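**Q** everything below, folded, please.
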Amino acid sequence: MLTPSQSGGHPAPAAVSAVGLRKSYGDKTVLDGIDLRIPAGSVFALLGPNGAGKTTAVKILSTLISADGGQAQVAGHDIATSPDGVRTAIGVTGQFSAVDGMITGEENMLLMADLHHLSRREGQRVAAELLERFDLVEAAKKPASTYSGGMKRRLDIAMTLVGNPRIIFLDEPTTGLDPRSRHNMWGIIRELVSDGVTVFLTTQYLEEADELADRIAVLNDGKIAAEGTAEELKRLIPGGHVRLRFEDPQAYEAAASALRDATRDDESLSLQIPSDGTQRELRAILDWLDAADIEADELTVHTPDLDDVFFALTATATVPNQPKENAR
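**A** Model prediction:
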């Protein structure tokens, strides 16, 4: 995964930046003065519950709608004063496919090439390359209505790449896809970033943001509730712990007596010790067990994940809080 910095420690130039973006519909404030800075060549994920304003942010930054206030630049172009400059630099794939099901995949690609004013020869070359890249050659002559959901999404992104955009907005690109198709889409996104493309991703799949994004912002009630790397966000939420389980009741009692901060579970003979899951803390616990000549039969670590972060930061979140434990 590319990091949002260049060699020498200097910050990468911003592909997208925004200050104080605001948008309301009637008396409903959708965006309430949000700030963003997305380094070039990185993946930025915007998380939030339904209605949080994710799609509105994408529409404003891609010049599909205007903001009520604030400023933003995309690829160095002001979204208000240079919308044409923005449009030539970006590609947008929305929640709902732009694919025309009545024509073939190849015809969809060639239509997009025409919209980008490519010559017939150049359009055919670009279409052929992208159809091959996205594993759609065998289906190219078939009506797009016969494609599976994953194939339509691949075609959708292939069409977005016809104009060779350096910044791509993917608005919930894997919604409705099965797990295999979703993982295939992740691979495509990683390839785009490895080519230097900047990806602005909105998603409700927390694992998706964790897997792909260099930086994540959580949008709630029109405001950015938190922003940072996945690890930084996880550290905002308390609740990390180490769980020690014992087969020997005597070893359990000895450990419980010595570890005053541990929470006992006498039925399962386990102790829960508050911990941030760092290597230093784990080593200290293991060293203590060795020094006391106490052997735990199982050690598991729980650190807050993005489910925990999302649930804690979004008042309307409905995502279940499902701790992940890694057995040692």
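**Q** show me where the stretch 201-328 of the chain has its strands.
**A** Remark: strands assigned in the stretch 201-328 of the chain by DSSP state E, counting those that start in this stretch are 215-220, 223-228, 241-245, 263-265, 270-274, 298-302, 325-327.
**Q** looking at those, which is buried most?
**A** strand 215-220 (a mean of 24; mean count of other Cβ atoms under 10 Å). In this view, the C-beta of every residue, glycine as well, is placed from N, C-alpha and C.
**Q** can you state the direction angle for it and strand 223-228?
**A** Relative orientation of strand 215-220 and strand 223-228, computed by axes from the mean of the first three to the mean of the last three Cα atoms, to 10 degrees: 160 degrees.
**Q** partner strands of strand 215-220, with direction?
**A** strand 43-47 (parallel), strand 223-228 (antiparallel) (DSSP bridges).
**Q** next, give phi and psi for the nearest residue to residue 173 once chain neighbours are set aside.
**A** Distances taken as Cβ to Cβ, 6 or more residues apart in numbering put residue 93 closest to residue 173, at 5.6 Å, once the chain neighbours are dropped. In terms of degrees, to the nearest 10, the main-chain angles of residue 93 are phi -120, psi 120.
**Q** do residue 103 as well
**A** Per-residue torsions, residue 103: phi -120, psi 170 (degrees, to the nearest 10).
**Q** buried ones in stretch 293-309?
**A** 294, 296, 299-309 (16 or more other Cβ atoms under 10 Å).
**Q** helix, strand, or coil at residue 100?
**A** coil (DSSP: H, G, I helix; E, B strand; the rest coil).
**Q** list phi and psi for residue 155.
**A** Torsion angles, degrees, to the nearest 10, at residue 155: phi -60, psi -40.
**Q** wait, it sits on residue 149?
**A** No. If you go by Cβ atoms under 8 Å, residue 155 and residue 149 don't touch, sitting 10.8 Å apart.
**Q** of those two, give the one with the bigger neighbour count.
**A** For residue 155 and residue 149, the more surrounded residue by other Cβ atoms under 10 Å is residue 155, and the numbers stand at 26 against 14.
**Q** any idea how far the more buried one is from residue 287?
**A** 56 Å (Cβ to Cβ, to the nearest Å).
**Q** next one: residue 90
**A** From residue 90 to residue 287 the distance is 53 Å (Cβ to Cβ).
**Q** higher neighbour count, those two?
**A** Comparing residue 90 with residue 287 by other Cβ under 10 Å, the one with more neighbours is residue 90, at 24 against 10.
**Q** helix or strand: which one has residue 110?
**A** Using DSSP states H and E, residue 110 sits in helix 105-115.
**Q** oh, I was asking about residue 80
**A** Per DSSP H and E, there is no helix or strand for residue 80.
**Q** the closest residue to it other than its chain neighbours - how many residues pack around it?
**A** Spatial nearest neighbour of residue 80, chain neighbours left out: residue 66 (7.0 Å); criterion: Cβ to Cβ, 6+ apart. For residue 66, the neighbour count with other Cβ under 10 Å is 11.
**Q** does residue 66 sit in a helix, a strand or a coil?
**A** Residue 66 ends up coil, using three-state DSSP.
**Q** mind checking how far it is from residue 32?
**A** The gap separating residue 66 from residue 32 is 16 Å, by Cβ to Cβ.
**Q** contacting residues around residue 200?
**A** 16, 38, 44, 46, 58, 61, 167, 168, 169, 170 (Cβ atoms under 8 Å, 6 or more residues apart in numbering).
**Q** and the angle from the helix or strand hosting it to strand 43-47?
**A** Per DSSP H and E: residue 200 is located in strand 198-203. Going by the same axes, to 10 degrees, strand 198-203 is angled at 20 degrees with respect to strand 43-47.
**Q** with distance to residue 177 and mean pLDDT as new columns, can the strands of the stretch 201-328 of the chain be given to me in TSV?
**A** Formatted as TSV, the strands of the stretch 201-328 of the chain follow (distance: least, Cβ to Cβ, whole Å; pLDDT from 0 to 100):
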stretch	distance to residue 177	mean pLDDT
strand 215-220	20	94
strand 223-228	27	93
strand 241-245	34	88
strand 263-265	40	90
strand 270-274	37	88
strand 298-302	29	85
strand 325-327	27	38
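**Q** so can I have CSV of the ones you listed showing distance to residue 257?
**A** Supplementary listing: the strands of the stretch 201-328 of the chain in CSV, determined by distance: least, Cβ to Cβ, whole Å:
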stretch, distance to residue 257
strand 215-220, 42
strand 223-228, 39
strand 241-245, 13
strand 263-265, 10
strand 270-274, 11
strand 298-302, 19
strand 325-327, 25
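**Q** next, name the residue at the spatial heart of the chain.
**A** residue 209 (2.4 Å; Cα atoms, centre = their mean).
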